[in-house]
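Colleague: structural data only, the sequence is not supplied:
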RNA sequence: UGAGCAGACUAUGCGGCAGCGGGAACGUUUUAGUUUACGAGGAAAGUCCGGGCAUCACAGAGCAGGAUAACUGCUAACGGCAGCCGAAGGCGACUUCAGGGCAAGUGCAACAGAAAUAUACCGCCCGUUUUUACGGGUAAGGGUGGAAAGGCGAGGUAAGAGCUCACCGGAAUACAUGAGAGUGUAUUGCCGUGUAAACCCUAUCCGAUGCAACGUCUAUUGGUACUUUUAAGUCAACACCUGCUCGGUGGAUUUAAGAGUAAUGACGGCUUGAGCUUUGGGGCGACUCAAAGCCUAGAUAAAUUGCCGCACACGACAGAACCCGGCUUAUCGGUCUGGUCACAAA
RNA sequence: CUGGGUGUGGCGCAGAUGGUAGCGCGCUACCUUGGGGUGGUAGAGGCCGUGGGUUCAAGUCCCGUCACUCAGA
């Protein structure tokens, strides 16, 4: 991933859940917030509700793949957290990719403020 | 041909494009980059046992506590496995078993029943007698119960009773046999049910903590915690080693001053190992010995994927996290091997 | 990684060393009131998370398993 670091501190996740803009979809929820840095930071959450370890790993893989495909269209300088939901399991990656492309932009330029 | 038993193996395959993880090589001041081979399981799961490894100063003795339970072996070890004994089930191949000791001691056995671990309600027999009660003997018969005086038949007796005898079940002793559990034979009337997954007894085993162990390097703040040195005071007891006792080690603690360390982050621990494959030898087998060859995940918000095409049986359960040996549980199916029973044919 | 705890009517909980499973709230019907509440009487509702085992007999004892939950590093 060209312009992206991973987000791995529990503190940062909690900060985004409280202060970030959110977009809710059928397969996942996206939280976004500007971070005033020249690169993006991405965090992916797949909780216990998604399923067992195999399903959680698949959810994370698909989301990461979708992000990679759309990376060029996403503006720089954002913290992004994507939380997988249970219905992501039986879905092909193309659907997620399409959905992500739309949702990130709406989140970045005017998602519902919390 | 059908049914059934046991064991072993496998876990969609092939191709194209894009991508991920750490390793090696090339390259670069460094970063970026290029090439190349490799990259989840039979259960990786549950964390139920056992061991390695690391630290706790020595890793001690006894009690307590916990675990296991026929026997002989295998193993680093085990609660695992193999063989074998016994019991139960199946026509059989075969399967299942917490399978030591209630005949050491203690406890418990509701309701029913006269009586539940010691007794006489009805009945049977004897005696006394006011002929309808009292005393005594008796576990053959009745009913209750999961369990009722080892079972059953004969003798015997006032009536009965292992009181005596035959057969069967158990126990003890002796002899034979086996490595042993055991098995066989003989003798002794020696014989109050069940429960130890009730307390308990017997034998064997167990020091504690877990890779967030542990080691190395390091920023900032502050005098927080720990260690240590010196000085002063107090106490002869206190702290630690496992819950207690013995035993061992250190004298212990408070205040003041000085010195050092820890936290945070990074790296190591981390994958060459009770390793895998093949061949040969030993053993009924678990397993083991020798030789040759091989290197086969090591991540840290955590890598095996996405899309397309073809084939068919249309793809189950499921993702390493210090490492091994087991156990248990989940699982769409497929293949092979060896026994068994029934039917038919030769 | 390690060690505990819980599971019982709709809800919250009892059930000491095995012997016919209860309490409070709630629910249903009736009485009381002009009506409602309160109060009173009667009643329904449970294979005790699940699969085995020990025992004459298991909610209770033992083993496996599922779910939830707590503590420590």
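Modeller: Perfect, thanks for sending it. For clarity, every value in this text was computed on a predicted model and none was experimentally measured.

Colleague: and the helices in chain A?
Modeller: A:10-19, A:53-69, A:93-108 (DSSP state H).

Colleague: export these as a markdown table, with columns for mean neighbour count and distance to residue A:87.
Modeller: Yep, even glycine has a C-beta here, placed from its N, CA and C like the rest. A markdown table is the format used below for the helices of chain A (neighbours: other C-beta atoms under 10 Å; distance: least, C-beta to C-beta, whole Å):
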| stretch | mean neighbour count | distance to residue A:87 |
| --- | --- | --- |
| helix A:10-19 | 13 | 21 |
| helix A:53-69 | 17 | 10 |
| helix A:93-108 | 17 | 11 |
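
Colleague: quick one: closest of those to residue A:78.
Modeller: Proximity to residue A:78, assessed across the helices of chain A by C-beta to C-beta, is greatest for helix A:93-108 (6.3 Å).

Colleague: helices or strands next to the closest one in the packing?
Modeller: strand A:21-24, strand A:28-34, helix A:53-69, strand A:78-84 (3 or more C-beta pairs under 8 Å, 6 or more residues apart in numbering; DSSP states H and E).

Colleague: right, is stretch A:67-85 up against RNA strand B?
Modeller: Yes: residues of stretch A:67-85 contacting RNA strand B under C-beta under 7 Å from any atom of the strand: residue A:68.

Colleague: cool, thanks, signing off.
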